[in-house]
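Colleague: Structure for this input, please:
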Amino acid sequence: VAGSGSLCDALTQWPEYGHDPHNSGNDTVDAVRPGPLSGLQAAPDEDRRLLVTLTATGDDRSCGAASGYDLRLASSAAQTWDDAAPLAQDGDPAVPAMAGMTDGLVTAPVPPGTHWLLVRARDEAGNGSAVAAVRVDVGDVSEPPERPTDLITIERIFGNDRYATGVEVSRAQFPTDGSASAVVLARGDQFADALAGTPLAVAEDAPLLLTRTDALLPEVEAELRRVLPAQRVVHLLGGEAALAPAVEQRIRDLGYRVERHAGDTRYDTAVAIAGALGNPDTVLVTRGDLFPDGLTAGVAAAHVDGAVLLTPPERRGDQVDAYLAAEEPATVYAVGGPAARPYPEATPLVGDDRIATAIEVASTLVPTFPAVGVARADVFADALTGGVDIARRGGPVLLTGRDSLDPRVRSTVCDGEDRLRTIVLYGGTAALGVGVESGLRAVADGNC
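Modeller: Here you go, the predicted structure:
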């Protein structure tokens with residue numbers, strides 16, 4: 001069975017264990033939705049039917065097979081699922097393939113023009129996956145698109161909480177079982193260790209997973225066992241106050257080797273992680289008390305083979321000073337004003353606010369990109385593990401508000417649209433609303 005393992009076993013046993021992930025008050029209801037669709041492509045045939053291919057998702061996340069596909073046809077990139085017109089399949093509806101397999105279907109004929117095909121998978125309980133979309137040009141189009149064969153796709157990755165989001169991101173990065181070279185594990189209730197660990201995860205060809213301080217969560221253990229063969233290394237970020245001895249012992253009991261990168265504080269742990277990276281010649285210094293600058297610094301550090309060091313805001317950090325004196329890195333950036341002001345000798349990457357700082361980091365260190373990640377500027381949970389994902393895709397992470405796409409982010413994405421092929425939103429619609437996605441869809445349509 002595709003996606004088999006203890007996570008899928010647990011998801012199929014929800015009635016027995018009384019799981020109620022959506023807090024419906026009824027633990028006899030299947031509330032686990034299919035995972036996100038990927039690889040969506042569509043092209044018209046001579047009869048104006050759309051020949052659709054995609055990578056199938058599961059009935060419960062990426063487990064098993066969904067029950068069916070729902071299709072709608074939108075007339076503009078800004079049109080939502082609810083506003084789009086239902087689109088039938090040609091002949092009998094396709095029976096979805098097992099998760100991870102290539103699937104195909106044929107739609108009923110559509111009228112000439114430019115359309116957006118919206119597709120989602122559903123399970124027997126009626127739960128729907130996130131909506132995937134692709135632009136399709138049919139017949140005589142009055143104004144041909146500028147890039148008819150190189151369209152920008154939009155993905156959204158999220159879970160029910162930060163731990164589930166980490167699992168979904170890992171599955172998106174490593175869809176094949178046993179394909180990771182290592183795993184990086186951090187506590188999920190604080191962000192500092194995870195952000196400093198972003199370049200380590202990229203360098204180690206590893207997903208970044210989050211768990212509770214006192215226990216390895218069942219869904220995280222299941223993903224660890226799926227993605228990483230036994231005897232390989234799990235990197236633990238932080239000391240025993242961050243990840244308890246019980247977490248380490250459980251990982252060893254599962255047959256993995258453990259390397260712990262830790263210090264007395266988050267500042268010392270960041271130095272230890274830099275050591276694990278081989279004390280690279282490029283260092284990005286950022287404040288350690290808030291997440292936005294660290295998020296963008298971690299992703300950028302992965303791009304330039306660098307490390308992230310954390311400092312208290314508005315003052316020099318003892319650990320940073322000691323590291324710079326001992327290692328003498330050739331290039332030092334200071335990300336954000338609270339890090340740049342106490343380190344005037346560093347190259348500043350500073351904007352008027354956290355959104356502008358993220359743009360400055362991207363423009364300087366990732367000036368051209370095939371993919372870009374978008375995360376909410378004031379909440380770190382969904383973006384924590386997404387930083388590793390977007391760095392592996394070759395892109396930066398940009399920050400925006402919850403309800404609408406910040407115009408500065410729109411401008412930055414438009415500036416890179418010639419090479420841009422993928423936009424990834426980290427978080428569900430409660431984190432990044434439909435207004436953000438609509439703004440990005442307009443950019444994907446070339447409306448810059």
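Colleague: Pull up the pairing partners for the host helix or strand of V283, direction included.
Modeller: Assigning secondary structure by DSSP states H and E places V283 in strand 282-287. Using DSSP bridges, the neighbouring strands of strand 282-287 in the sheet come out as strand 307-311 (parallel), strand 331-335 (parallel).
Colleague: what's the neighbour count on R48?
Modeller: 14 (other CB atoms under 10 Å). Yep, even glycine has a C-beta here, placed from its N, CA and C like the rest.
Colleague: Do I have it right that it meets G139?
Modeller: Yes - taking CB atoms under 8 Å as the contact criterion, R48 and G139 are neighbours in contact, 6.1 Å apart.
Colleague: List the contacts of stretch 423-434.
Modeller: Counting contacts by CB atoms under 8 Å, 6 or more residues apart in numbering, the residues outside stretch 423-434 that touch it are 80, 130, 152-158, 165, 169, 371-376, 379, 381-383, 386, 389-390, 393, 395, 397, 400, 402-404, 413, 436-437, 440, 443-444.
Colleague: Quick check: end-to-end length of it?
Modeller: From its first residue to its last, stretch 423-434 covers 14 Å (CA to CA, to the nearest Å).
Colleague: In that stretch, which residues are buried?
Modeller: Neighbour-count burial for stretch 423-434, counted by 16 or more other CB atoms under 10 Å, picks out 423-428, 431-433.
Colleague: again with stretch 351-359
Modeller: Under the neighbour-count criterion of 16+ other CB under 10 Å, stretch 351-359 has 351, 354-355, 357-359 buried.
Colleague: In terms of distance to A66, which of those ranks first?
Modeller: Of all those, the one sitting nearest A66 is A358; the distance, using CB to CB, is 35.6 Å.
Colleague: Assign a three-state SS to that closest one, would you?
Modeller: The three-state assignment at A358 reads helix, by DSSP: H, G, I helix; E, B strand; the rest coil.
Colleague: do you know how far it is from V366?
Modeller: Relative to V366, A358 is positioned 11 Å away (CB to CB, to the nearest Å).
Colleague: Report the set of residues contacting both of the two.
Modeller: Shared between the contact lists of A358 and V366 (criterion: CB under 8 Å, 6+ apart) are residues P396.
Colleague: In terms of helix, strand or coil, where does A194 fall?
Modeller: Strictly by three-state DSSP, A194 counts as helix.
Colleague: That one contacts L237, correct?
Modeller: Yes - under the criterion of CB under 8 Å, A194 lies in contact with L237, with a separation of 6.8 Å.
Colleague: Find the residues that touch each one of those two.
Modeller: Overlap between the contact sets of A194 and L237, as judged by CB under 8 Å, 6+ apart, is given by 186-187.
Colleague: Kind regards, and thank you for your time.
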